[in-house]
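Peer 1: please work out how this folds:
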Amino acid sequence: MTNLDFRDPRATEQRNPRTERIDVASSLEIVDLMNAEDATVAEIVHGDRERIAAAIDLIVAAFRAGGRLVYVGAGTSGRLGVLDATECPPTFGVPATMVVGVIAGGYPALVKSAEGAEDDVNAGGAAMDTAGVTNRDVVVGIAASGTTPYVRMALSRAQTLGARTVLVTCSTGPEVLTGSTRLKAGTATKLVLNMLTTGAMIRLGKVYGNLMVDLMALSTKLHDRGERIVMECCGVSREEARETIKGAGGSVKLAIVMSRRKVSAAEAGRLLEAAGGFVRPVVGDPPPVRR
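Peer 2: You can find the predicted model right below:
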C-alpha cells in the first residue's frame with residue numbers, strides 16, 4: 001500500500017492556510033500578509049518569558065565564574081548566533097572570547113549556504129571540542145524545529161564536558177512560505193538572543209540606566225555617542241566630556257565616575273570595582289529622560 005501521508009509533524013513544516021494564495025497576491029497584499037504573521041511573534045516569545053529569564057540567570061552565573069556563552073546552530077540559526085556574539089564586544093566592551101558563535105559548516109557558511117552541514121552529527125560534537133567548551137560555560141543551541149542533528153549532538157557533547165546547556169526552538173507555527181524558518185522563526189530567534197545577551201550584560205553592570213556606558217568607541221558614531229553620554233550624565237560640555245574620556249583611557253563608564261565624583265581615573269576604577277562594576281551605586285541615578 002502506498003504511503004500518501006506527506007505531512008511533516010514539525011510546526012515549521014506545516015502549510016499556512018492564511019498564505020496559500022500568496023503567489024497571486026499583489027506587492028501590498030504580500031506585505032500585509034507577512035506583517036500579520038510577524039505580529040504574532042512577540043506574543044509567542046512573551047509566553048516563554050520565564051524560561052528566557054532562567055537562561056539569562058545561567059549565563060550571568062557563567063560569566064561571573066569566568067565562563068563563556070557559546071551559541072551553536074546551523075543555517076539561519078547559526079548565522080543569528082554568530083551575529084549576536086559579534087555585536088557584544090562593541091556594544092558592551094567585552095572581549096570577543098566571552099560570547100562565541102559556532103555555525104555548522106564553519107565561517108564560510110556565514111556567506112554561502114551549507115545546508116547539508118546541519119546533518120553532520122560528528123561535526124556537532126567535534127565543534128564543542130574545538131571551541132574548548134568547559135564546565136564553566138553555557139552552550140545555547142539554536143534550532144527552529146528543535147531537531148537539527150548538528151545542534152543536538154553539540155549540546156550532548158557540551159553536557160558531557162560539564163557545560164550547562166539551553167536549547168532555543170521557535171514554535172511560531174507555519175511560516176508564510178512553508179519551511180522557510182528565516183521568517184517568523186528567525187525573527188523569534190533574534191528576539192530571544194537579544195534578550196539573552198542584553199539581559200546578561202545588564203545584570204553584569206554594563207549599562208547605566210539604559211545607556212551603553214561600556215561601549216567600545218571604534219567609529220566616529222560611537223565616539224560621538226560616548227561623548228554625548230558623558231555630557232548628559234555629567235552636565236558638561238562636549239570638550240570637557242572628550243577630555244575626561246581621554247583621561248579615562250577611552251572608558252565612558254570611568255569618565256562618568258571621574259566627572260561626577262571629581263576623582264582621578266585610578267580612584268574611579270577603585271570605586272567601580274567596589275561596586276561590582278555598576279555605575280549607579282557610585283554616582284547615583286542617571287538624569288531622567290527628557291521627553
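Peer 1: ok, which stretches of this protein are helices?
Peer 2: Along the chain, the stretches classed as helices by DSSP state H are 27-38, 41-46, 49-64, 75-92, 121-130, 149-160, 184-203, 220-234, 238-247, 252-261, 265-274, 280-283.
Peer 1: who touches the third one?
Peer 2: Read it as helix 49-64. 45, 68-69, 98, 136-138, 140, 164, 166, 192, 195-197, 199-200, 203-204 (Cβ atoms under 8 Å, 6 or more residues apart in numbering). C-betas here are computed from N, CA, C, even on glycine.
Peer 1: check the offset of that helix from the chain's centre.
Peer 2: 12 Å (Cα atoms, centre = their mean, to the nearest Å).
Peer 1: give the rounded mean pLDDT of that helix.
Peer 2: Averaging pLDDT along helix 49-64 gives 98.
Peer 1: list the buried residues of that helix.
Peer 2: Buried positions in helix 49-64, judged by neighbour count with 16 or more other Cβ atoms under 10 Å: 52, 55-56, 58-60, 62-63.
Peer 1: do the second one as well
Peer 2: Residues of helix 41-46 classed as buried by neighbour count (16+ other Cβ under 10 Å): 41, 44-45.
Peer 1: okay, now the closest residue to Arg68 other than its chain neighbours: neighbour count?
Peer 2: Nearest non-adjacent residue to Arg68, counting by Cβ to Cβ, 6 or more residues apart in numbering: Asp137, 4.8 Å away. A count of nearby residues for Asp137, using other Cβ atoms under 10 Å, gives 26.
Peer 1: just to check, Asp137 is in contact with Tyr71?
Peer 2: No - when contacts are counted by Cβ atoms under 8 Å, Asp137 is not listed as touching Tyr71 (11.1 Å).
Peer 1: excluding its backbone neighbours, what's nearest Asp48?
Peer 2: Once flanking residues are discounted, Asp48 sits nearest to Val192: 7.9 Å by Cβ to Cβ, 6+ apart.
Peer 1: picking up where we left off before, biggest separation within the buried residues of helix 49-64, which pair?
Peer 2: Greatest spatial distance among the buried residues of helix 49-64 (Cβ to Cβ): Ile52 and Phe63, at 16.6 Å.
Peer 1: contacting residues for the residue nearest to Thr86 when sequence neighbours are not counted?
Peer 2: Of all residues not flanking Thr86 in the chain, Gly101 sits nearest, at 6.8 Å (Cβ to Cβ, 6+ apart). Residues in contact with Gly101 (Cβ under 8 Å, 6+ apart) are 70-71, 78, 81-86.
Peer 1: would you point out the most distant pair within the residues you listed?
Peer 2: The distance between the two most remote of these (Cβ to Cβ) is 14.6 Å, for Val70 and Leu83.
Peer 1: in terms of neighbours, single out the busier of those two.
Peer 2: Of the pair Val70 and Leu83, Val70 is the one with more neighbours under other Cβ under 10 Å, namely 26 against 14.
Peer 1: low pLDDT regions in the protein?
Peer 2: Residue ranges of the chain with pLDDT under 70: 1-8, 115.
Peer 1: pretty sure Ala241 contacts Asp224?
Peer 2: No - with contacts defined as Cβ under 8 Å, Ala241 does not count as touching Asp224, sitting 10.4 Å away.
Peer 1: so the two - more neighbours on which side?
Peer 2: Ala241 (24 against 12).
Peer 1: what's the burial count for the residue nearest to the more buried one when sequence neighbours are not counted?
Peer 2: Take Ala241 and drop its neighbours on the chain: the residue closest to it by Cβ to Cβ, 6+ apart is Val230, 3.8 Å away. Other residues within reach of Val230, judged by other Cβ under 10 Å, total 28.
Peer 1: now do Thr160
Peer 2: Thr160: 11 neighbours (other Cβ under 10 Å).
Peer 1: next: the one 3 residues further on.
Peer 2: The number of residues packed around Ala163, counting by other Cβ under 10 Å, is 22.
Peer 1: against Ala65, how distant is it?
Peer 2: Taking Cβ to Cβ, to the nearest Å as the measure, Ala163 falls 12 Å from Ala65.
Peer 1: which neighbours do the two share?
Peer 2: With Cβ under 8 Å, 6+ apart, Ala163 and Ala65 have common neighbours Arg136.
Peer 1: buried sites along stretch 89-101?
Peer 2: So, applying 16+ other Cβ under 10 Å, buried residues of stretch 89-101: 89-94, 98-101.
Peer 1: list just the nearest of those residues to Arg21.
Peer 2: Gly101 (38.1 Å).
Peer 1: so what pairs up with that closest one in the strands?
Peer 2: Using DSSP bridges, the beta-bridge partners of Gly101 come out as Tyr71.
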